[in-house]
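> How does the following fold in three dimensions:
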Amino acid sequence: MTTWPALGHEELEWTSRYAEVGVRAARRAALSERYRAAVPPMIAALPLVLDDELGVLVDEAATALVRFDGELGARVAPFSSLLLRSEAAASSQIEHLTASARQVFTAEIGAPGKRNAREIVSNTRAMRTAVELSDALTTDTVLAMHRVLMADDPHHEAGCFRQEAVWVGTSARSPVGADFVAPAWGRVPALVEDVMSFARRVDIPRLAQVAVAHAQFETVHPFTDGNGRTGRALLQAMLRSNELTQNVTVPVSAGLLTDTDGYVAALTAYRRGDIAPIIRGVCDAVFVAVANARRLVDDIEEIRRGWSGRVTARRDSGVWSALDVVVRQPVLNATVLAAEMGVEPRNAYPHIQKLVESGILVSKNEYRHGVLYRNDEILQALDAFAARAGKRG
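Just a heads-up that it's a prediction; the model follows:
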């Protein structure tokens with residue numbers, strides 16, 4: 001295993017943002033509190049050489065990704081969007097943001113709902129942006145992903161690097177004594193530029209490169225919030241850029257979710273100069289994600305086959321296209337169905353009625369949002385996927 005430089009540190013002075021008055025406050029100010037902030041190494045040109053055992057694991061995981069992506073290539077339409085949403089939901093769950101598939105799809109079409117569901121929708125958009133921008137792994141790509149992710153959050157500046165200290169542990173009011181203090185904000189632009197240069201290299205094992213770039217990005221922690229979700233969106237962009245995935249978003253975050261403690265420990269080990277745990281963790285996550293996603297695909301295809309026997313219509317009826325829309329959008333209204341089918345909303349209603357009569361769609365009148373229709377079979381399959389992702393072992 002190649003030697004990887006550990007974090008350095010620098011001492012900085014802390015000035016509280018909170019107004020404090022009185023004798024005790026004056027005495028504290030006189031002490032001039034100082035804290036240690038991380039100083040990550042520049043990694044753009046560092047060699048990345050793996051020992052034989054880890055190199056084999058990286059190759060096997062990369063092969064599993066390519067094979068799974070290729071298997072779905074010919075039947076990708078319903079699964080690309082579902083797997084991307086599943087990845088966004090799993091990435092959010094690592095940040096303790098959870099919601100059912102029904103809540104997420106309902107929020108996606110604009111109906112009022114719980115805040116977590118809306119944040120997962122924002123994460124889905126960030127994931128989609130990451131994939132769309134994967135041909136250009138630059139600082140602007142990172143800012144664009146964060147801008148989409150945090151667009152609806154009034155408490156944080158979307159698409160802008162932080163200009164304040166961020167830290168983990170101890171008091172929320174001060175970084176003094178914190179478990180980890182991210183680099184000083186003035187270092188952030190150069191560090192992100194450096195990690196994106198590393199991400200564009202073509203001379204190192206691809207999946208190991210993805211894992212290390214992700215760990216370095218999380219160490220830099222360039223934003224006041226959304227770093228984890230942005231970093232995992234970047235991971236997906238790198239998978240696509242490295243041509244490990246071309247058709248679908250493999251839900252690697254769902255693999256990481258099976259051992260979140262191990263994931264955090266691997267990031268900590270990376271900061272000590274040991275890159276093996278994060279590389280191994282990402283590889284293991286790939287195997288888990290592929291197995292879980294393959295089961296989801298099988299479940300959904302079985303559900304879709306079952307619908308064919310429940311609907312009676314001519315071969316050229318638009319209801320068959322409507323069924324395909326329901327597979328990838330299991331909560332919808334007439335406007336959504338019409339847009340997906342490329343027809344006028346008035347022409348979508350007969351298809352909806354047919355699917356309601358067949359028991360494939362059920363309706364619910366949402367307050368201030370009209371009637372929504374849903375398919376519980378697809379939603380249950382997606383919730384089962386999420387439940388499997390959250391299991392340990």
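
> where do the strands sit along the protein?
Using DSSP state E, the strands of the chain run over 8-13, 34-39, 167-168, 180-181, 331-332, 362-366, 370-374.

> quick one: the closest residue in space to Asp274 that isn't next to it in sequence from Pro40, how far?
Leaving out its chain neighbours, the residue that sits closest to Asp274 by C-beta to C-beta, 6 or more residues apart in numbering is Trp4, at 7.1 Å. Placement of C-beta: from N, CA and C, glycine included. Distance, Trp4 to Pro40, by C-beta to C-beta, to the nearest Å: 11 Å.

> Have a look at these two and say which one is more surrounded.
Pro40 (21 against 18; other C-beta atoms under 10 Å).

> hang on, isn't that one packed against Glu218?
No: using C-beta atoms under 8 Å, Pro40 is not in contact with Glu218, being 10.4 Å away.

> Please spell out the segments of the stretch 201-350 of the chain that come in under the pLDDT threshold.
By pLDDT under 70, the stretch 201-350 of the chain has no low-scoring segment.

> Need the per-residue pLDDT for the residue nearest to Asp274.
Predicted confidence (pLDDT) for Trp4: 94.

> got it, and the one 4 residues further on?
Gly8 carries a pLDDT score of 96 in this model.

> re earlier: reformat the strands of the chain as JSON lines; add distance to Asp274.
Shown next, in JSON lines, are the strands of the chain (distance: least, C-beta to C-beta, whole Å):
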{"stretch": "strand 8-13", "distance to Asp274": "16"}
{"stretch": "strand 34-39", "distance to Asp274": "16"}
{"stretch": "strand 167-168", "distance to Asp274": "19"}
{"stretch": "strand 180-181", "distance to Asp274": "16"}
{"stretch": "strand 331-332", "distance to Asp274": "44"}
{"stretch": "strand 362-366", "distance to Asp274": "51"}
{"stretch": "strand 370-374", "distance to Asp274": "47"}
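
> nearest to Ser241, of the ones you listed?
In terms of C-beta to C-beta, the element of the strands of the chain nearest to Ser241 is strand 34-39, at 26.9 Å.

> is it true that Ile94 touches Thr258?
No: here Ile94 does not reach Thr258: they are 10.7 Å apart, not a contact under C-beta under 8 Å.

> okay, the strands of the chain, which one's buried deepest?
strand 331-332 (a mean of 25; mean count of other C-beta atoms under 10 Å).

> Which strands or helices does that one pack on?
helix 101-108, strand 370-374 (3 or more C-beta pairs under 8 Å, 6 or more residues apart in numbering; DSSP states H and E).

> Out of the ones you listed, which gets nearest to Asp52?
Comparing these by C-beta to C-beta, helix 101-108 comes nearest, at 42.0 Å.

> Now do that closest one: everything it contacts.
For helix 101-108, contacts defined as C-beta atoms under 8 Å, 6 or more residues apart in numbering pick out 85, 89, 99, 113-114, 116-118, 120-121, 124, 329-332, 366, 372, 374, 378-379, 382-383, 386.

> Kindly tell me how buried the closest residue in space to Ile43 that isn't next to it in sequence is, as a neighbour count.
Among residues not flanking Ile43 along the chain, Phe198 sits closest, at 5.0 Å (C-beta to C-beta, 6+ apart). Using other C-beta under 10 Å, Phe198 has 21 neighbouring residues.

> swap in Val49?
12.

> With Asp316 instead?
6.

> Of all the residues in stretch 348-364, which ones are buried?
348, 351-352, 354-355, 358, 360-361 (16 or more other C-beta atoms under 10 Å).

> let me redo that: stretch 245-262
For stretch 245-262, by 16+ other C-beta under 10 Å, it's 245, 247-259, 262.

> How about stretch 300-308?
For stretch 300-308, burial by neighbour count (16+ other C-beta under 10 Å) applies to 300, 303-304, 307.

> Stretch 229-241 now?
Applying 16+ other C-beta under 10 Å to stretch 229-241 flags 229-241 as buried.

> Same check on stretch 61-74?
For stretch 61-74, a neighbour-count test (16+ other C-beta under 10 Å) marks 61-62, 64-65, 68-69, 72 as buried.

> Need those residues in TSV (columns: pLDDT and distance to Gln163).
TSV is the format used below for the buried residues of stretch 61-74 (pLDDT from 0 to 100; distance: C-beta to C-beta, whole Å):
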residue	pLDDT	distance to Gln163
Ala61	97	38
Ala62	97	38
Ala64	96	41
Leu65	94	37
Phe68	91	41
Asp69	90	39
Leu72	81	43
